[in-house]
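Enquirer: Sequence and predicted structure below; questions after.
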Amino acid sequence: MTAVRIEFDEPKCVAAGQCAMVAPDVFDQRDDDGVAVVLDDTPGPGQHEVVREAAAVCPAAAIHLIES
Amino acid sequence: MPHPYPTAREPRCPFAPAPEIRDMPPLAQVEIWDGSTPWFITRHADQRALLNDPRLSIDEKRPGYPHMTRSRAAGAPHHPPLITNTDPPEHTRLRRTVNAPFMVKRIEALRPRIQRVLDDLIDEMLAGPRPADLVQAIALPVPTVVITEILGAPYADRELFQTASHVLVSHDTTPEESAEAGGRLGAYLGRLLQQKMAAPGDDVISEMAAKVKTGEMTAPEAVTMASAILIAGHETSASMISLGTLALLRNPDQLELLRSRSGDPRFVAGTVEELLRYLTIVHTGIRRIADADIGLHGQVIRAGDGVVFELAGANYDPAEFPDPMRLDLTRPARQHHAFGYGAHQCLGQSLARVELQVVFSTLYRRIPALALAVPFEEVEFAMEGVAYGLRALPVTW
C-alpha cells in the first residue's frame, strides 16, 4: 500500500489557501495571515487523491509529497 | 517580425485565444505598445516552471519591464511597495498582511450571504420585463454587492467606483485619464479609511484602519490595497458570470448536464474550473523581467529582458488539456492558469470561486428556460480591458 508523507515548505507559502480548499481535512490556514497549516502529515489512503491535487495546485510549489 | 500583442480576440465561441498565439513556438517574442519585444511564453509546463523561478522579477520599476500599457508605465515609479510589484521575501510579508479576509474559511462563511444576494436579484429580474440584461441584473451586482460588503464601502457609492475602475483597467485610457480616475478612487477610499479609523465596523477597510493606527501599514498603502481589491473584485467576476452563461447557452448539452447535477457541489466546483480555463478572461498577459540569464528551448532569456506569459496559451495547451477547444464540464481543469500561477496568483481567487459556484449552481436551475434574446452575432463583447467581458447580455425566459 502506498504511504504519503507531506513536506511543507512554510517560508514559500503565499497563503493562497488552495490546499485548504481542495483537502480541508489535511490542510488549514492560520487565522491571522492565512499561511497553511498541515493537520495530518501522513494522511490515510482516502485522502491521497485530494492531497496530490493540493500539491499540484499550490501556486508557490510549497507542498511536496514523499510517496513510498 | 514579432507579432503585435495583445492580439485581438475573436468575439465568438469558443472564445479561444487567436490562432496566431496558439500556433506560436513555445518560446517566441511579441511586440508590445512601446515597440519593445519581450519574450512570450505560451506553454503550461513552461509557465509553471518559470512563474515560480526566482530569476524572474515583478519589479515594475526596473528599466526594460514590459508594462501592459503606457498608463501603467507612467504610474509604475509612483507606486509604493505592493503585492503586485515586489518579489519574495518582501512580497511574502506584504501578502500575509492583506491575506486574512480572503482565507478560504472566511470566504466560505460568506456563501449563504452570496446565495441570498443572488436569490434576491433573480427574484427581481423574474418580476421585471423581458428581455433583461443579465450583465446589469445579475453579473455585475452579485460581485459588486459582495465586494462592497467585504470592504465596508456603501453599495450606494457603486457608480463612482464602477466608473473609475473601468477607466483604470481599460487599454484605451490615457495616462492623464488614468491618473484622474485613480485620484478620484483614492480620495474616496481615503475618506472611507478615515471614517473607519474613527468608527470601525466588521470589514476589511476597518481592519486596515487598525493596522494603519498601529503603524503596521501606511495610509497610502491601505488606500492602494483597497483600490486594488475593489477593482479586481467586481469586473472580473462579472465577466465570468456573463461570459460563462453565454458559453453554456452555446453548449446546450453542457448546460443540461450542469442543470441536472447542480445539487452536486463537486460537479459545480469542477464546472467553475472548466469555465475559468475555457474563458481565461485575462487576455493581456502577465509580465516579468529576467534577473539572470535563463536557458529555455535552446535559447537564452538574458538578464534585463522582459517576459510575457499568455495565460490562455497555457489553458489551451493540448499537452495539458486534451481537445482544449471543447467545453467539457467533466474535465479535471483545476490546474489552469486563469488566476495566474506562482507567488502572485490572484489574491481573491477563493472569493471568485465561491461566487461563481453559487451563481452556476443556481441561475439555470431557477430559470430553466433562460435563452438569448438576440442572435449570438449581436452580443457585444468588451475587449478593451485587462480582462474581456460583455457590454450586455440580453436574455429572456
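Expert: Perfect, I can see it now.

Enquirer: need the contact list for the nearest residue to B:Asn85 once chain neighbours are set aside.
Expert: Nearest residue to B:Asn85, sequence neighbours excluded (CB to CB, 6 or more residues apart in numbering or on different chains): B:Glu60, at 4.7 Å. Bear in mind the C-beta positions are built from the backbone N, C-alpha and C, glycine included. Applying CB atoms under 8 Å, 6 or more residues apart in numbering or on different chains, we find B:Glu60 in contact with B:67, B:72, B:76, B:79, B:84-85, B:287.

Enquirer: How about the contacts made by B:Ala56?
Expert: Not Ala; residue B:56 is Leu. When contacts are counted by CB under 8 Å, 6+ apart, B:Leu56 touches B:50, B:288-291, B:294, B:307.

Enquirer: Can you name the next helix or strand after the helix of greatest length in chain A?
Expert: Counting by DSSP state H, the longest helix found in chain A is helix A:48-57. The element immediately downstream of helix A:48-57 (helix or strand, assigned by DSSP states H and E) is strand A:63-67.

Enquirer: Can you point out the buried residues in that next one?
Expert: For strand A:63-67, a neighbour-count test (16 or more other CB atoms under 10 Å in any protein chain shown) marks A:Ile63 as buried.

Enquirer: ok, back up a step: hmm, who's touching the longest helix of chain A?
Expert: The set of residues external to helix A:48-57 that reach it, using CB under 8 Å, 6+ apart, is A:2, A:4, A:6, A:18-19, A:22-23, A:26-27, A:43, A:63-65, B:334-335.

Enquirer: Which positions in that helix come out as buried?
Expert: For helix A:48-57, using 16+ other CB under 10 Å, the buried residues are A:48, A:50-57.

Enquirer: just these now: which is nearest B:Lys105?
Expert: Using CB to CB, A:Ala54 is the member of the buried residues of helix A:48-57 that lies nearest B:Lys105, at 15.7 Å.

Enquirer: State the pLDDT value of B:Arg96.
Expert: The confidence metric pLDDT takes the value 82 at B:Arg96.

Enquirer: so where's chain A uncertain?
Expert: A:1 (pLDDT under 70).

Enquirer: what does it have sitting close to chain B?
Expert: Neighbours of chain B within chain A, by CB under 8 Å from any CB of the partner chain: A:11-18, A:20-22, A:24, A:28-29, A:31-35, A:53, A:56-57, A:59-61.

Enquirer: circling back to that earlier point, any idea how far the longest helix of chain A is from the chain center?
Expert: Helix A:48-57 has its C-alpha centroid displaced from the chain centroid by 7 Å (CA atoms, centre = their mean, to the nearest Å).

Enquirer: quick check: angle from that helix to strand A:63-67?
Expert: 140 degrees (axes from the mean of the first three to the mean of the last three CA atoms, to 10 degrees).

Enquirer: For helix A:48-57, C-alpha coordinates in PDB please.
Expert: Presented in PDB, the C-alpha positions along helix A:48-57 are these (Å, rounded to 0.1, in the frame of the first residue of the first chain):
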ATOM      1  CA  HIS A  48      -4.300  10.700  -1.200                       C
ATOM      2  CA  GLU A  49      -6.100  11.900  -4.200                       C
ATOM      3  CA  VAL A  50      -7.000  15.300  -2.800                       C
ATOM      4  CA  VAL A  51      -3.600  15.700  -1.200                       C
ATOM      5  CA  ARG A  52      -1.900  15.100  -4.600                       C
ATOM      6  CA  GLU A  53      -4.300  17.700  -6.100                       C
ATOM      7  CA  ALA A  54      -3.400  20.100  -3.300                       C
ATOM      8  CA  ALA A  55       0.300  19.700  -4.100                       C
ATOM      9  CA  ALA A  56      -0.400  20.200  -7.800                       C
ATOM     10  CA  VAL A  57      -2.500  23.400  -7.400                       C
END
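
Enquirer: Distance check, B:Ile289 against B:Val282.
Expert: 19 Å (CB to CB, to the nearest Å).

Enquirer: likewise B:Leu351?
Expert: From B:Leu351 to B:Val282 the distance is 16 Å (CB to CB).

Enquirer: Repeat that for B:Leu151.
Expert: For B:Leu151 relative to B:Val282 (CB to CB), the value is 22 Å.

Enquirer: ok so, going back, counting neighbours, which of the contacts of B:Leu56 comes out on top?
Expert: B:Arg288 (29 neighbours; other CB atoms under 10 Å in any protein chain shown).

Enquirer: contacting residues around that residue?
Expert: Applying CB under 8 Å, 6+ apart, the residues contacting B:Arg288 are B:50-51, B:56-58, B:66, B:306-307, B:309.

Enquirer: try B:Gly340
Expert: So B:Gly340 contacts A:59, B:51, B:282, B:286, B:309, B:311, B:346 (CB under 8 Å, 6+ apart).

Enquirer: farthest pair in those?
Expert: Farthest pair in the contacts of B:Gly340, by CB to CB: A:Pro59 and B:Val282, 14.9 Å.

Enquirer: Could you pull up the residues touching residue 3?
Expert: Picked chain A for this. Residues counted as contacts of A:Ala3 (CB under 8 Å, 6+ apart) are A:42, A:67-68.

Enquirer: um, chain B though
Expert: B:His3 neighbours (CB under 8 Å, 6+ apart): B:20-21, B:24, B:28, B:30-31.

Enquirer: Can you tell me which of these is nearest chain A?
Expert: B:Ile21 (23.0 Å; CB to the nearest CB).

Enquirer: which SS class is the closest one?
Expert: Following DSSP: H, G, I helix; E, B strand; the rest coil, the label given to B:Ile21 is helix.

Enquirer: So it sits against B:Gly313, correct?
Expert: Yes: with contact defined as CB atoms under 8 Å, B:Ile21 counts as touching B:Gly313 (6.0 Å).

Enquirer: Now list whatever residues contact both of the two.
Expert: Common contacts of B:Ile21 and B:Gly313 (CB under 8 Å, 6+ apart): B:Thr42.
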